[in-house]
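Novice: requesting a structural model of the entry that follows:
(one chain, ligands or ions: 1)
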Amino acid sequence: MRKLTNIEGLEVERRYLQVIDQALSHVEKLATSIELLTPRQRDMTIAFVGALQSVNALLSAGSAKCNLATPPEDIEVTQDKSGALILRCYHSPAHKWAWNGQPLP
Ligand SMILES: [Zn+2]
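Specialist: The predicted model follows:
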């Protein structure tokens with residue numbers, strides 16, 4: 001994951017930046033771990049879902065916004081249909097970014 005501030009179109013309160021970047025890194029590590037697990041190992045899945053909720057709460061606390069359209073809208077971390085982690089905003093249609101920070105179509 002790139003640093004959140006290096007992603008074009010996203011802004012966040014600076015004082016939340018470090019903890020959000022750490023939470024994004026944590027989510028990424030858990031997602032990678034889950035890929036190695038069998039379906040029966042559910043505890044890690046629960047930890048992953050909890051980490052997703054935590055990072056999204058932090059994005060909200062830090063007023064993370066997409067400013068690619070007006071008015072700016074909230075953003076969240078979610079998974080695409082393949083399970084890959086992405087960032088998505090609440091504009092309609094939504095702007096989306098891959099985990100490396102590149103815009104998605
Ligand atoms: Zn947007």
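
Novice: give me the low-pLDDT residue ranges for this protein?
Specialist: Flagging of the chain using pLDDT under 70 yields the residue ranges 1-2, 37, 39-40.

Novice: can you list the residues of this protein near the ion?
Specialist: For the chain, the residues in contact with the ion (C-beta under 5 Å from the ion) are 66, 68, 89, 91, 95. For every residue, glycine as well, the C-beta is placed using N, CA and C.

Novice: leaving out chain neighbours, which residue sits closest to the third one?
Specialist: Think Cys89. Among residues not flanking Cys89 along the chain, Cys66 sits closest, at 3.4 Å (C-beta to C-beta, 6 or more residues apart in numbering).

Novice: which residues are in contact with the helix or strand containing Val77?
Specialist: With secondary structure defined by DSSP states H and E, Val77 is part of strand 73-79. For strand 73-79, the external contacting residues (C-beta atoms under 8 Å, 6 or more residues apart in numbering) are 10, 24, 27, 52, 55-56, 59-60, 64-66, 85-91.

Novice: ok, the next helix-or-strand element following that strand: who's next to it in the sheet?
Specialist: Later in the chain than strand 73-79, the nearest helix or strand by DSSP H and E is strand 85-89. Partners of strand 85-89 in the sheet, by DSSP bridges, are strand 73-79 (antiparallel), strand 96-98 (antiparallel).

Novice: got TSV for the ones you listed, with mean neighbour count and distance to Thr45 too?
Specialist: TSV is the format used below for these (neighbours: other C-beta atoms under 10 Å; distance: least, C-beta to C-beta, whole Å):
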stretch	mean neighbour count	distance to Thr45
strand 73-79	18	12
strand 96-98	18	22
